[in-house]
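Enquirer: Whatever this is, show me its structure:
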Amino acid sequence: MQVTETLNEGLKREIKVVVPAQDLEAKLAERLETARGRAKIDGFRPGKVPAAHLRKMYGKSFMAEIVNEILNDSTRSILADRNEKAATQPEVAMSEDEAEAEKVLAGKADFEFTMNYEVLPAIEIKDVSGLKVTREVVDISDEEVEEQVKKIASSARTFEAKKGKAEDGDRVTMDYLGKLEDVPFEGGADQDAQLVLGSGQFIPGFEDQLVGVKAGDEKQIKVTFPENYGAAHLAGKEATFDITVKEVAKAAELELNDEVAKKLGIESLDRLRTVVREQIEGQYGQITRQKVKRQILDGLDAEYQFETPERLVNAEFNNIWQQINFDLQQAGKTFEDEETTEEAAREEYRKLAERRVRLGLVLSEIGEKAGVEVTEEELQRAVYDQVRRYPGQEQQVYEFLRKTPDAVANLRAPIFEEKVVDHLLGTISVTDKKVTKEELTAEEEGAAEEAKPAKKAAPKKKAAKKADDAAE
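Expert: Take a look at the predicted model:
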């Protein structure tokens, strides 16, 4: 096999490979001889089939197998011999001329093909001990825990029908029909719908107009869907709702005791408070973690500048761009609505894709040098979590993951990245800073690794749930 480098520019490589016809013939003769001893063909005793007859029957199919094996094996062996790591699977190109292909399969012509690929750049890991990050920490007060406990406990309250007008905090049971220009819209109707006034469950203006209604009332209310409403065909539109009130109920007095906790599936009120505190700590901890990680990535981004494999960048950009356009479509917005242009957005997210690829390669190299590994137990847990996301299809998803190494690799990557971040946190300088929850949750400007040009508003109105599902 003759291997010739025909391109070496930056990270791009092209390799021409020629397998002489005599080498192909030698491999074919060996395979025919092996088959001859096992072949069972009518009219011939086992092991006595003439080689010429066997070649006539199986020569082309055997040669096709040999060619495929050469393609598969040579890709790995050539990279190994050149001590290179391909950024993506090399692209293999060969002659599309049928006559030429027939000659190769007949063993009368050399087999030629080219490999095109990009190599992973050589990365020299730098000392990160001088990197400094600030870890924001929030003290969780008993008052905050108690406030959250009350919100949760309120869901277990009972309601008792009352006579008279609905007030804030009362539950209204109703039928409703939503219309756009007097035409009912999909997802805009419900029966026996229950709404606690003041809960903010429906879009702004809806609940306010129900204050003062009583059982048996029929009322038409007008509302305007928010401009950033999740269902694009409803966003910014004025709608009417024909409402029939069936019942007005007053909530029982809110009590905090063990019985309420048990209704929520928790053994005691003290345990409920503990669970709520842990949940709040977890939520704040995730935000703190993301902010610290962002600082680390920003620090690494400032330290490492090198050429990135174009194919990796293209793949990352395409993923980002697909999500961007999906979000815009769902929100019923355009790039102009976001005060930009498609060209400017492409340039911005191309830079983001390059940053992500570059930092991914840096983290991979740091992790490899530090001996960071994803355990089988961690990977199995990730597989299990992924399977649980598809109730009713667990077996199909599991089989897909079992048969698709790339899909499992996609599950492994984020675990590996987080473990590398943990490794870095044990190396760099970390300073804790006490902040308020408002300061912690304030959105940072310039969060470069986040691609959010069009924030899709979470639909708040139950009446349009079906329409939202369709838009999803």
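Enquirer: got the domain boundaries for this structure?
Expert: Split into domains by automatic domain parsing, the chain comes to 2-118, 158-253, 260-471.
Enquirer: Relative to R135, tell me which of those domains wins on proximity.
Expert: domain 260-471 (5.1 Å; Cβ to Cβ). Bear in mind the C-beta positions are built from the backbone N, C-alpha and C, glycine included.
Enquirer: returning to that earlier point: for V149, which of the domains of the chain is the nearest?
Expert: Of all these, domain 260-471 sits nearest to V149, with 5.3 Å by Cβ to Cβ.
Enquirer: For this protein, just list every one of the strands.
Expert: 2-9, 12-19, 91-94, 111-118, 132-137, 159-161, 171-180, 183-196, 218-224, 238-251, 429-434 (DSSP state E).
Enquirer: Adding distance to Q305 as columns, could you present those strands in JSON lines?
Expert: Compiled in JSON lines, the strands of the chain are given as follows (distance: least, Cβ to Cβ, whole Å):
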{"stretch": "strand 2-9", "distance to Q305": "19"}
{"stretch": "strand 12-19", "distance to Q305": "19"}
{"stretch": "strand 91-94", "distance to Q305": "27"}
{"stretch": "strand 111-118", "distance to Q305": "18"}
{"stretch": "strand 132-137", "distance to Q305": "20"}
{"stretch": "strand 159-161", "distance to Q305": "63"}
{"stretch": "strand 171-180", "distance to Q305": "53"}
{"stretch": "strand 183-196", "distance to Q305": "50"}
{"stretch": "strand 218-224", "distance to Q305": "49"}
{"stretch": "strand 238-251", "distance to Q305": "52"}
{"stretch": "strand 429-434", "distance to Q305": "23"}
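Enquirer: Nearest to Q148 among those would be which one?
Expert: strand 183-196 (17.4 Å).
Enquirer: Show me what that closest one is packed up against.
Expert: Counting contacts by 3 or more Cβ pairs under 8 Å, 6 or more residues apart in numbering; DSSP states H and E, strand 183-196 packs against strand 171-180, strand 238-251, helix 465-471.
Enquirer: what angle sits between that strand and strand 171-180?
Expert: Orientation of strand 183-196 against strand 171-180 (axes from the mean of the first three to the mean of the last three Cα atoms, to 10 degrees) gives an angle of 160 degrees.
Enquirer: Buried residues in strand 183-196, which are they?
Expert: F185, G187, G188, A189, D190, A193, L195, V196 (16 or more other Cβ atoms under 10 Å).
Enquirer: just stretch 252-265 next, same as before
Expert: So for stretch 252-265, counting by 16+ other Cβ under 10 Å, buried means V260, A261.
Enquirer: Could the C-alpha coordinates of that stretch be exported in CSV?
Expert: Extracted in CSV, the C-alpha atoms of stretch 252-265 (Å, rounded to 0.1, in the frame of the first residue of the first chain):
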residue,chain,number,x,y,z
ALA,A,252,-59.7,26.8,54.1
GLU,A,253,-57.3,28.5,56.6
LEU,A,254,-53.7,27.7,55.8
GLU,A,255,-52.3,25.4,58.4
LEU,A,256,-48.7,24.3,58.8
ASN,A,257,-48.6,21.0,60.7
ASP,A,258,-47.6,17.4,60.3
GLU,A,259,-51.0,16.5,58.7
VAL,A,260,-50.4,18.9,55.9
ALA,A,261,-46.9,17.5,55.3
LYS,A,262,-48.3,14.0,55.1
LYS,A,263,-50.8,15.1,52.5
LEU,A,264,-47.8,16.1,50.5
GLY,A,265,-46.2,12.7,51.0
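Enquirer: can you give me the offset of it from its chain's centre?
Expert: Centroid separation for stretch 252-265 versus its chain: 38 Å, with Cα atoms, centre = their mean, to the nearest Å.
Enquirer: Give me the local confidence score for the closest residue to E207 other than its chain neighbours.
Expert: Closest residue to E207 apart from its sequence neighbours, by Cβ to Cβ, 6 or more residues apart in numbering: L197 at 5.2 Å. We have a pLDDT of 92 for L197.
Enquirer: L197: neighbouring residues, count only.
Expert: Applying other Cβ atoms under 10 Å, we find 21 residues neighbouring L197.
Enquirer: Is it correct that it is in contact with G212?
Expert: No. Here L197 lies out of contact with G212, judged by Cβ atoms under 8 Å, at a distance of 10.0 Å.
Enquirer: Give the residues shared as contacts by the two.
Expert: A166 (Cβ atoms under 8 Å, 6 or more residues apart in numbering).
Enquirer: just the helices in the chain please.
Expert: 21-38, 51-81, 98-105, 142-154, 258-263, 269-303, 310-331, 342-370, 376-388, 394-403, 405-425, 437-441, 465-471 (DSSP state H).
Enquirer: Am I right that E394 is in contact with V387?
Expert: Yes. Counting by Cβ under 8 Å, V387 is a contact partner of E394 at 5.0 Å.
Enquirer: Look at these two and report which has more neighbours.
Expert: The neighbour count for E394 versus V387, taken as other Cβ under 10 Å, is higher for V387 (17 against 14).
Enquirer: OK, contacts around that one?
Expert: E394, V397, Y398, L401.
Enquirer: Just send the residues you listed back as a markdown table, with pLDDT and distance to T134 too.
Expert: As requested, these are arranged in a markdown table below (pLDDT from 0 to 100; distance: Cβ to Cβ, whole Å):
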| residue | pLDDT | distance to T134 |
| --- | --- | --- |
| E394 | 86 | 42 |
| V397 | 87 | 40 |
| Y398 | 85 | 42 |
| L401 | 86 | 39 |
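Enquirer: Adding distance to K16, write the residues you listed out as TSV.
Expert: Output for the contacts of V387, formatted as TSV (distance: Cβ to Cβ, whole Å):
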residue	distance to K16
E394	48
V397	42
Y398	43
L401	38
